[in-house]
Structure formats: structure tokens, C-alpha cells
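Asker: Sequence and predicted structure are below.
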Amino acid sequence: MTDPAAKTLVPVLRISFPDEDRLGHGKMELLEHIRSTGSISAAGRAMDMSYRRAWLLVSEMNRMFCEQVVESQRGGQKGGGAALTPFGEELLQRFRRMERTVRESLAEDLAWLEGKRNPSHGGG
């Protein structure tokens, strides 16, 4: 059975920086997984992505800002780990708030589009 929520219109927020860096849903989801697992590797696995890809995305976010987003610890007794910095927590919180603002601001227009949409058309 298909999830009815998957059939609704959803605005997607992506912030494009002047130097071609981007911040969007995928990076925020990665941060949420890092927060819940304490690991870049486990966060990547949760998203079906390689450790290398997850690490590159974290590295990119850390370069994008004046403050670190994620701090990682190598090795040690527990095998290392990763955690969001206070700035990373605030970044995640603010991005999620921006997403809610976009959804709320566009709700009326999205409802109008939904009403005009051809339900038998499956493509974009």
C-alpha cells in the first residue's frame, strides 16, 4: 500500500551559497543521524551512504562555516565517535525552523496546486 503522505506536494528548502556550496535536507538528515548515533559511519549507514561520502559531507559543512558543525574523535577505547557542536545543533534547529516557515507560508498555494494537479500523472 502506498503512503498517502508520499503523494502530497512538499516544498524542499535548499540554501545555495555564492561559492556553490549548498545546504539542504540531506545534510540536515545526516546531522540528525550523527546526533542520535554518535558516529559519522553509523549515520552514513542509516542513510545508505558510504562512510567516505558521509565524512566528505561533514567536512564540507565544517568548511562552509566559521565554526565547526561536527567534532569527531579518533580511535580510543570506544573506537572514536562524532558529535554536533553547539553551532551544529543551532544550525540544525534553525534549518528545521526555516523548513517549517516555508511549509506554513506556502500552505495555501500548495493546497491550490494540489487541487489542480492531475492525480493520474506520476511524473514531475
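Answerer: Structure received.

Asker: residue contacts, residue 117?
Answerer: By Cβ atoms under 8 Å, 6 or more residues apart in numbering, residue 117 lies in contact with residue 9. Bear in mind the C-beta positions are built from the backbone N, C-alpha and C, glycine included.

Asker: Quick check: the gap between it and residue 108.
Answerer: In this view, residue 117 and residue 108 are 15 Å apart by Cβ to Cβ, to the nearest Å.

Asker: go on, residue 69?
Answerer: Counting by Cβ to Cβ, the separation of residue 69 from residue 108 is 34 Å.

Asker: who has more neighbours, these two?
Answerer: residue 69 (24 against 9; other Cβ atoms under 10 Å).

Asker: and residue 24, backbone torsions?
Answerer: phi -150, psi -170 (degrees, to the nearest 10).

Asker: and the residue nearest to it when sequence neighbours are not counted, what pLDDT?
Answerer: The shortest distance from residue 24 to any non-neighbouring residue, by Cβ to Cβ, 6 or more residues apart in numbering, is to residue 14 (3.9 Å). The model reports residue 14 with a pLDDT of 97.

Asker: Can you verify my assumption that residue 14 contacts residue 27?
Answerer: No: applying Cβ atoms under 8 Å, one finds residue 14 not in contact with residue 27, separated by 9.7 Å.

Asker: Between those two, which is the more surrounded one?
Answerer: For residue 14 and residue 27, the more surrounded residue by other Cβ under 10 Å is residue 27, and the numbers stand at 21 against 10.

Asker: Quick check: the more buried one vs residue 66, distance?
Answerer: Separation of residue 27 from residue 66 (Cβ to Cβ): 17 Å.

Asker: ok, now residue 14?
Answerer: 21 Å.

Asker: what's the answer for residue 39, then?
Answerer: To residue 66, residue 39 is 25 Å away according to Cβ to Cβ.
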